[in-house]
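Novice: Fold the following and give me the result.
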Amino acid sequence: MRILVIDDERKNIASAYLTLRGNEVTTCDTIQSAYDTLQGDQEFDAVLTDLFFPLGSFHGAMDTVSYDLPSGNLPAGLVFAIKAANKGIRTVICTDANHHSDWICSLLDLVGDFGSVPKRTKEKIAYVEARHASIRGYWDEIRKEIVMCDPPGWRDPNNPKIKNWKKAMVRSGLFPEL
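Specialist: From the prediction side, this is the model:
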């Protein structure tokens, strides 16, 4: 399977190669690189994306004279998901945010119950919270690698998770072949 993974965190990019072993994985870690990749001719069977991204150097068609640039992270994953779905690509938005503390995630509950199987098999976009699809391990910043174990606080809802992209695909219900 040809899979595009879009996430700005190094630990989740590393996890893509670990959890999606055996697939052809392409990764993007900025809004601009994801936009360029989705605009390109490369074909994908799946797009897996984070929800929030730092603005970075991407400005797209924003008219910065008329209004100020956003000060925080942008929910660019929504745009990537829509763009991929319009191309007929099954897409999973997997985010660290949760529906109790973020209004966009709360709205995404309308797509699917934060990780439930889509109600209609024709759906192309699913939403899964990372707490429902994560690795039992931690990111070692010194070694720049994932250390597999059951770290203290692994089940702590405030502890940032490392995404298990394959588990997110399975949980989404969009990939019955897995």
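Novice: give me the low-pLDDT residue ranges for this structure?
Specialist: 57-71, 97-123, 138-139, 148, 150-160 (pLDDT under 70).
Novice: in it, which spans are strands?
Specialist: 2-6, 24-28, 46-49, 90-95, 125-129, 137-140, 145-148 (DSSP state E).
Novice: so where do the helices sit in the chain?
Specialist: 10-19, 31-39, 76-86, 103-108, 165-172 (DSSP state H).
Novice: Of those, which is nearest residue 143?
Specialist: helix 10-19 (10.7 Å; C-beta to C-beta). (Each C-beta comes from the backbone N, C-alpha and C, glycine too.)
Novice: Residues in contact with that closest one: which ones?
Specialist: Residues external to helix 10-19 that are found in contact with it (C-beta atoms under 8 Å, 6 or more residues apart in numbering): 3, 5, 7, 25, 27, 29, 48, 50, 135, 139, 144-146, 162-167.
Novice: got the angle for it vs helix 165-172?
Specialist: 80 degrees (axes from the mean of the first three to the mean of the last three C-alpha atoms, to 10 degrees).
Novice: residues of helix 10-19 that come out buried?
Specialist: 11, 12, 13, 14, 15, 16, 18, 19 (16 or more other C-beta atoms under 10 Å).
Novice: Which single one of these is nearest to residue 86?
Specialist: residue 16 (22.9 Å).
Novice: Excluding chain neighbours, what is closest to the closest one?
Specialist: Nearest in space to residue 16, with sequence neighbours left out and distances taken as C-beta to C-beta, 6 or more residues apart in numbering, is residue 5 at 4.0 Å.
Novice: I figured the one you found was touching residue 24, is that so?
Specialist: No. Using C-beta atoms under 8 Å, residue 5 is not in contact with residue 24; the gap is 11.2 Å.
Novice: List the residues that contact the residue nearest to residue 16.
Specialist: Residue 5 touches 12, 13, 16, 20, 25, 26, 27, 28, 48, 49, 165, counting by C-beta under 8 Å, 6+ apart.
Novice: Please indicate which of those residues has the highest neighbour count?
Specialist: The most crowded member of the contacts of residue 5, judged by other C-beta atoms under 10 Å, is residue 48 (32 neighbours).
Novice: Hmm, residue 91 and that one touching each other?
Specialist: Yes. Counting by C-beta under 8 Å, residue 48 touches residue 91, with 7.4 Å between them.
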